[in-house]
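Undergrad: Let me see the structure of the following:
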Amino acid sequence: MADREVRKSTKVGRVVSNAMEKSVVVAVDRLVKHPLYEKTIRRTSKFMAHDEENTCQVGDQVAIEESRPLSRRKRWVVREVLERAKG
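TA: Have a look, this model is predicted:
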């Protein structure tokens, strides 16, 4: 079973909080169509992610990857900072 490749889910979002040590909150937006009215609606999900070097700032665009549970709410790891916040 060791030769089986595991696909880890990845998401791209914006950092909305970095007030914790080695943790950030990442907001991921997705577009869904309303079932009755068929208007496209933006839905946001927030994920706690592990940031080992404490490099992420609020407003950064980051890629996060699924991982093993690191704490009660943390199941994601920051893979890379795609775009730094302006200013």
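
Undergrad: Please enumerate the strands of this structure.
TA: 10-20, 23-33, 40-50, 61-66, 74-83 (DSSP state E).

Undergrad: can I have the first one written out in PDB, keeping just the CAs?
TA: So the one you mean is strand 10-20. Extracted in PDB, the C-alpha atoms of strand 10-20 (Å, rounded to 0.1, in the frame of the first residue of the first chain):
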ATOM      1  CA  THR A  10      -5.300  22.300  -2.800                       C
ATOM      2  CA  LYS A  11      -7.000  25.600  -2.600                       C
ATOM      3  CA  VAL A  12      -6.100  29.200  -3.300                       C
ATOM      4  CA  GLY A  13      -7.400  32.000  -1.100                       C
ATOM      5  CA  ARG A  14      -6.600  35.300   0.800                       C
ATOM      6  CA  VAL A  15      -5.200  35.500   4.300                       C
ATOM      7  CA  VAL A  16      -7.800  37.300   6.500                       C
ATOM      8  CA  SER A  17      -6.100  36.800   9.900                       C
ATOM      9  CA  ASN A  18      -2.500  36.100  11.100                       C
ATOM     10  CA  ALA A  19      -3.000  36.900  14.800                       C
ATOM     11  CA  MET A  20      -1.900  33.500  15.900                       C
END
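
Undergrad: buried stuff in that strand?
TA: Residues 11, 13-15, 18 are the ones in strand 10-20 that count as buried (16 or more other CB atoms under 10 Å). To be clear about C-beta, it is placed using only N, CA and C from the backbone, and glycine gets the same treatment.

Undergrad: How about the fourth one?
TA: Along strand 61-66, the positions that meet the burial threshold by neighbour count (16+ other CB under 10 Å) are 61-64.

Undergrad: Any chance of a markdown table for the residues you listed, columns distance to residue 50 and pLDDT?
TA: Formatted as a markdown table, the buried residues of strand 61-66 follow (distance: CB to CB, whole Å; pLDDT from 0 to 100):
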| residue | distance to residue 50 | pLDDT |
| --- | --- | --- |
| 61 | 17 | 98 |
| 62 | 11 | 98 |
| 63 | 13 | 98 |
| 64 | 9 | 98 |
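
Undergrad: Having no further points to raise, I will conclude here.
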